[in-house]
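Asks: Need coordinates for the below:
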Amino acid sequence: MKTKLAALILVGGSLVALGGAISSDSPNEAPALELSEKMRGFLKFEMGALARAGREIEKALAEGDSATVQENAAKMDKAFIMSQDITTLDLRELEAVLGEAFVAQDKEFHAMGRALEAAAKANDLKGQRVIFDDMLHACASCHQAYAPEAPILE
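Replies: Purely as a prediction, here's the structure:
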């Protein structure tokens, strides 16, 4: 599970560090760097919230604490960038720079968060672990595509 937590921290920290901690020889290697300060701020907020909730979920899963998993899965959904004060122009920027695939991946990730919340509400421990593992894989995949050189924050 520590490897999974490290992956989540990697992803959660990946866009937190967007302000210049990512070094790349090609903009295609770290497309998130091309976003405006405002959009990087939105992503920084979201990634930080996801990392915090992920650490709590990891601990709660180890303890079999479905209530804490449910609470933090809900926090993951609430961190959803599209539900923040994002304008149509902001969304167009996000899609223009990172592409529609990024927006779709982000929405899918938050849908997994809602599924995790439902599994926790049903006290389905096995389902919680499977969904959380899928979420971590989604994090790693997105990170690899959009901010591959961001450091792991511990």
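
Asks: Could you point out the longest helix of this protein?
Replies: Determined from DSSP state H, the single longest helix within the chain is helix 37-63.

Asks: and the angle from the very next helix or strand once past that one to helix 37-63?
Replies: Once the chain leaves helix 37-63, the next helix or strand it forms, by DSSP states H and E, is helix 66-78. Put simply, helix 66-78 runs at 170 degrees to helix 37-63, going by axes from the mean of the first three to the mean of the last three C-alpha atoms, to 10 degrees.

Asks: Look up the closest residue to residue 77, ignoring the ones flanking it.
Replies: residue 113 (4.5 Å; C-beta to C-beta, 6 or more residues apart in numbering). (Each C-beta comes from the backbone N, C-alpha and C, glycine too.)

Asks: Please identify the helix or strand for that neighbour.
Replies: Applying DSSP H and E, one finds residue 113 within helix 100-121.

Asks: In the following helix or strand past that helix, which residues are buried?
Replies: Per DSSP H and E, the first helix or strand lying C-terminal to helix 100-121 is helix 125-146. Residues 128-129, 131-132, 135-136, 138-140, 142-143, 146 are the ones in helix 125-146 that count as buried (16 or more other C-beta atoms under 10 Å).

Asks: on contacts alone, who are the packing partners of helix 125-146?
Replies: helix 2-16, helix 37-63, helix 66-78, helix 100-121 (3 or more C-beta pairs under 8 Å, 6 or more residues apart in numbering; DSSP states H and E).

Asks: quick one: which of these is nearest residue 87?
Replies: Of all the helices and strands packed on helix 125-146, it is helix 37-63 that lies closest to residue 87, at 9.4 Å by C-beta to C-beta.

Asks: Could I get the average pLDDT for stretch 142-154?
Replies: Stretch 142-154 carries an average pLDDT of 65.

Asks: same deal with stretch 65-72?
Replies: pLDDT averaged over stretch 65-72 gives 97.
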